[in-house]
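K.L.:
here's a sequence, model it:
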Amino acid sequence: MSASMQPTDPQADATRWPVVRCPRCGVAQPSGARYCHSDGEPLPGIAPAAENDADVFFSVPFVFPWGRQARTLHELALGFCDDWETSVHLVREGLLATFFAQALGRDDLAELAQTAAQIADGSQALDWLLDKLPVHLSGPQLSVEPLHVHLGQLARDGQTHFDLHIVNQGLRLLRGRVTIEDTAWLSLAAEEPVQCRDFTCERELTVTVYARGAQMPAGAACQGRLLVDSNGGQAGVRVLASVPVVPYPSGVLAGARSPRQLAKLACGHPGRAWTDFASGAVAAWFAQNGWSYPVRPPYANGLAAVQQFLEAAGLVRTPRIKLLTKGIVVRAPAGRTFPIRVRLRALDAKPIYVRAECAVPWITLGEPLLTGRRAVVPVSVTVPECAPGTTLAAHIDLYANGATHFQVPVRVTVRESEDTGNRAWSVAGTLEQRQPIPVEWSGAPAGEGIWRP
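P.N.:
Predicted structure coming up:
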């Protein structure tokens with residue numbers, strides 16, 4: 001028997017093509033029928049076997065609250081997008097599920113509508129339902145205005161704002177995020193810095209962006225950028241603004257309007273200008289104008305304060321520096337304290353500065369003494385309360401001009417009793433290279449001394 005003559009399986013056909021019966025006469029109708037072939041009665045539901053389920057006419061049109069009628073799933077979906085807020089209400093109240101089940105006999109669609117009604121966010125629920133319906137809709141399309149914003153000159157202590165208009169030119173729900181990219185003076189909130197914000201938009205949305213003059217560096221125009229990223233595309237917004245410079249208020253540096261101009265004035269009168277650098281007045285002026293001060297505290301004194309600023313600003317070269325005290329060795333009973341001086345010298349005709357740090361409690365560091373090309377760091381070493389014969393090691397970090405860094409090793413040996421063997425000395429060279437040369441220390445008790453080259 002040929003394939004065309006073979007009998008068909010009734011159960012397989014019933015599974016493939018669900019039977020639709022006329023509500024008046026009860027006669028089974030062929031797949032794809034819209035009206036009863038016997039009496040012309042409209043059939044309750046849409047036959048699944050239709051080529052395009054979205055364009056099959058309803059037996060009963062769906063009438064929206066504003067009067068619009070939908071006769072197909074496609075027209076129904078377009079009606080939802082036409083009045084999003086009202087359509088959200090239809091889904092949340094279960095009216096759509098009732099229509100699918102009772103008017104169309106589509107329990108599958110009714111179940112989708114019931115699931116959507118349980119989603120907490122109404123807009124998300126309607127968008128989810130549109131995604132599940134057998135309907136093809138064009139997606140959302142992002143439009144942002146304006147793309148270029150020029151705020152002009154802002155007051156240092158002032159704040160202004162502008163509105164960003166987000167429009168959904170497509171269908172369904174537009175979802176995305178507004179992000180401020182590396183711009184501290186822009187914020188999405190008036191009272192606190194907020195750099196990003198999520199949004200959903202059915203048709204139009206307004207996002208307010210705030211600009212703070214206090215967060216902006218003075219002088220040249222500042223440029224900020226916002227990125228609007230969404231399921232309907234991306235858009236970048238460029239923002240321009242500026243704040244006026246506050247001139248330096250007083251002294252020999254008065255009237256300077258830029259770091260370079262201030263450096264020029266300082267080089268012309270270093271003997272009178274260094275106090276402004278050492279006291280932190282220049283650092284405060286930088287902060288007032290929103291500039292980053294290049295010098296890390298503590299600030300140097302004397303001419304070294306001017307040198308410190310010029311080096312940090314990259315306006316002069318760092319002098320070569322030699323560490324004269326290469327190590328410290330102390331041998332004494334516990335509890336004894338020895339003052340020692342660590343010395344540095346510049347090899348170039350430029351003033352030097354130094355900052356000293358040490359992490360152990362039995363070493364105390366004094367304020368560095370700066371005299372032009374020479375620097376002395378007072379160090380006080382107290383022998384810890386340890387058992388005789390104990391040797392302790394530490395080091396002193398010295399941070400000088402530019403990125404110059406030295407380490408001075410310190411070794412302390414605890415002796416048992418007071419005798420002529422109690423000594424403290426500094427060594428010019430490594431601890432193993434040279435022997436200390438004894439000199440008299442006027443402040444030492446009998447039998448003690450400081451040794452240095």
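
K.L.:
in the protein, where is pLDDT below threshold?
P.N.:
1-19, 31-35, 37-54, 417-453 (pLDDT under 70).

K.L.:
ok, now how distant is the residue nearest the centre of it from V209?
P.N.:
Geometric centre of the chain, nearest residue: D182, 7.3 Å, by C-alpha atoms, centre = their mean. Using C-beta to C-beta, to the nearest Å, D182 is found at 15 Å from V209. C-beta coordinates here come from the backbone N, C-alpha and C atoms, glycine included.

K.L.:
contacting residues around stretch 240-252?
P.N.:
148-156, 185, 211, 213, 216-224, 254-258, 262, 265-266, 269, 272-273, 276, 281-282, 285, 288-290 (C-beta atoms under 8 Å, 6 or more residues apart in numbering).

K.L.:
give the buried residues for that stretch.
P.N.:
Going by neighbour count (16 or more other C-beta atoms under 10 Å), the buried part of stretch 240-252 is 241-243, 245, 248, 252.

K.L.:
for it, the distance to its chain's centre please.
P.N.:
28 Å (C-alpha atoms, centre = their mean, to the nearest Å).

K.L.:
ditto for stretch 310-327
P.N.:
The answer for stretch 310-327 is 35 Å, by C-alpha atoms, centre = their mean.

K.L.:
endpoints of stretch 294-302, how far apart?
P.N.:
18 Å (C-alpha to C-alpha, to the nearest Å).

K.L.:
contacts for it?
P.N.:
So stretch 294-302 is contacted by 274, 277-280, 283, 305, 307-309, 312-314, 351, 353, 355, 370-372 (C-beta under 8 Å, 6+ apart).

K.L.:
run the last query once more with 10 Å
P.N.:
259, 270-271, 274-275, 277-280, 282-283, 286, 293, 305-315, 351-355, 367-372, 375, 399, 401 (C-beta atoms under 10 Å, 6 or more residues apart in numbering).

K.L.:
just the buried ones among those residues, please.
P.N.:
Counted by 16+ other C-beta under 10 Å, these give 259, 270, 274, 277-278, 282-283, 286, 293, 305-312, 351-355, 368, 370, 375, 401 as buried.

K.L.:
mind checking which of those are in strands?
P.N.:
354-355, 370, 375 (DSSP state E).

K.L.:
possible to save those as CSV with distance to P384?
P.N.:
Shown next, in CSV, are these (distance: C-beta to C-beta, whole Å):
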residue, distance to P384
V354, 26
R355, 25
L370, 30
A375, 28
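
K.L.:
between the residues you listed, which is closest to L78?
P.N.:
Closest approach to L78 among those (C-beta to C-beta): R355, at 72.6 Å.

K.L.:
what are the bridge partners for the closest one, then?
P.N.:
Beta-bridge pairing for R355 (DSSP bridges): Y399.

K.L.:
quick one: residues contacting it.
P.N.:
296-300, 308, 365, 368, 377, 397-400.

K.L.:
if you skip the residues just before and after it, what's nearest to V63?
P.N.:
Q69 (5.3 Å; C-beta to C-beta, 6 or more residues apart in numbering).

K.L.:
would you confirm that the one you found contacts D82?
P.N.:
No: the pair Q69 / D82 is not scored as a contact, 12.0 Å apart, by C-beta atoms under 10 Å.

K.L.:
all helices of the stretch 301-450 of the chain, in order?
P.N.:
303-312 (DSSP state H, counting those that start in this stretch).

K.L.:
all strands in it, in order from the N-terminus.
P.N.:
All strands of the stretch 301-450 of the chain, identified by DSSP state E, counting those that start in this stretch, fall at 321-323, 327-333, 337-346, 354-357, 363-365, 369-371, 374-382, 391-400, 405-415, 423-427, 450-451.

K.L.:
from the middle of its chain, how far away would the third one be?
P.N.:
Centroid separation between strand 337-346 and its chain, computed with C-alpha atoms, centre = their mean, is 45 Å.

K.L.:
how about the longest one?
P.N.:
The gap between where strand 405-415 is centred and where its chain is centred comes out at 43 Å by C-alpha atoms, centre = their mean.

K.L.:
so what are the sheet partners of that strand and their directions?
P.N.:
Partner strands for strand 405-415, per DSSP bridges, with pairing direction: strand 327-333 (parallel), strand 391-400 (antiparallel).

K.L.:
okay, buried residues for the shortest one please.
P.N.:
Which is strand 327-333. Those would be 327-332, for strand 327-333 by 16+ other C-beta under 10 Å.

K.L.:
thanks a lot, catch you later.
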